[in-house]
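S.K.: quick one: sequence and predicted model below, then my questions.
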Amino acid sequence: MYSGPDVMDHFYEHVISESKTINEVMSRQIPLSPMSKEDYKRHRSSEACANCKCPFTHQNHKVRHHSHLSGEYLFAACNNCNLQLKPKKCQANAYFLPIIFHNGNKYDLHFVIKHFRKQYVEKSRQEGQKS
């Protein structure tokens with residue numbers, strides 16, 4: 001919590017700092033840990049993707065979907081779903097982080113959006129001048 005001068009600047013910097021921290025965590029990409037006997041049995045007995053519910057085929061085979069943050073096996077997924085469920089990197093080799101604002105009361109949210117846009121444009125110009 002902050003109250004003082006330049007509230008919007010502090011808020012923007014806090015959001016950017018959180019984004020960088022989340023990006024560092026997401027970048028770790030831990031491989032699949034050894035599966036338990038229960039996980040292995042559940043995977044072998046799966047006949048359809050736990051995500052889309054479609055049966056496995058030779059063209060869209062069964063894979064071991066796991067958390068890239070912990071290495072923990074999650075469920076049997078088809079190859080298509082597994083590739084779509086993997087977090088995607090976007091610009092500047094960073095992960096896309098959606099930011100959701102809610103309960104914006106009347107005109108208040110306008111100031112936040114306007115300030116974020118201004119900061120983003122200024123940052124983009126500075127990075128463009130460095131290259």
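M.R.: Sure thing, it's come through. Numbering: from 1, shown residues only.
S.K.: report the buried residues of the longest helix seen in the chain.
M.R.: When the chain is parsed with DSSP state H, its longest helix is helix 108-130. Judged by neighbour count (16 or more other Cβ atoms under 10 Å), helix 108-130 contains these buried residues: 116, 119. C-betas here are computed from N, CA, C, even on glycine.
S.K.: name the helices or strands packed onto it?
M.R.: helix 7-26 (3 or more Cβ pairs under 8 Å, 6 or more residues apart in numbering; DSSP states H and E).
S.K.: any stretches of this protein with poor pLDDT?
M.R.: Within the chain, the stretches with pLDDT under 70 are 91-92, 106-107, 124, 127-131.
S.K.: what comes into contact with the longest helix of the chain?
M.R.: With contact meaning Cβ atoms under 8 Å, 6 or more residues apart in numbering, helix 108-130 is reached by 8-9, 11-12, 15, 101, 104.
S.K.: same thing with stretch 86-102?
M.R.: 15, 19, 22-23, 26-27, 68, 109, 112-113.
S.K.: for those residues, which one is nearest A48?
M.R.: Using Cβ to Cβ, H68 comes nearest to A48 of the contacts of stretch 86-102, at 23.1 Å.
S.K.: so that closest one, which state does it fall into?
M.R.: coil (DSSP: H, G, I helix; E, B strand; the rest coil).
S.K.: for the longest helix of the chain, the distance to its chain's centre please.
M.R.: Taking Cα atoms, centre = their mean, to the nearest Å, the mean C-alpha location of helix 108-130 is offset from the chain mean by 22 Å.
S.K.: ok and it relative to helix 7-26, angle-wise?
M.R.: Helix 108-130 and helix 7-26 are oriented at 60 degrees to each other (axes from the mean of the first three to the mean of the last three Cα atoms, to 10 degrees).
S.K.: outline the domain layout of the protein.
M.R.: Recorded structural domains for the chain (assignment: automatic domain parsing) are 22-87, 99-131.
S.K.: buried deepest among those, which one?
M.R.: Ranked by mean neighbour count under mean count of other Cβ atoms under 10 Å, these are led by domain 22-87, which reaches a mean of 14.
S.K.: grab the nearest non-local neighbour of I22.
M.R.: Distances taken as Cβ to Cβ, 6 or more residues apart in numbering put L97 closest to I22, at 5.9 Å, once the chain neighbours are dropped.
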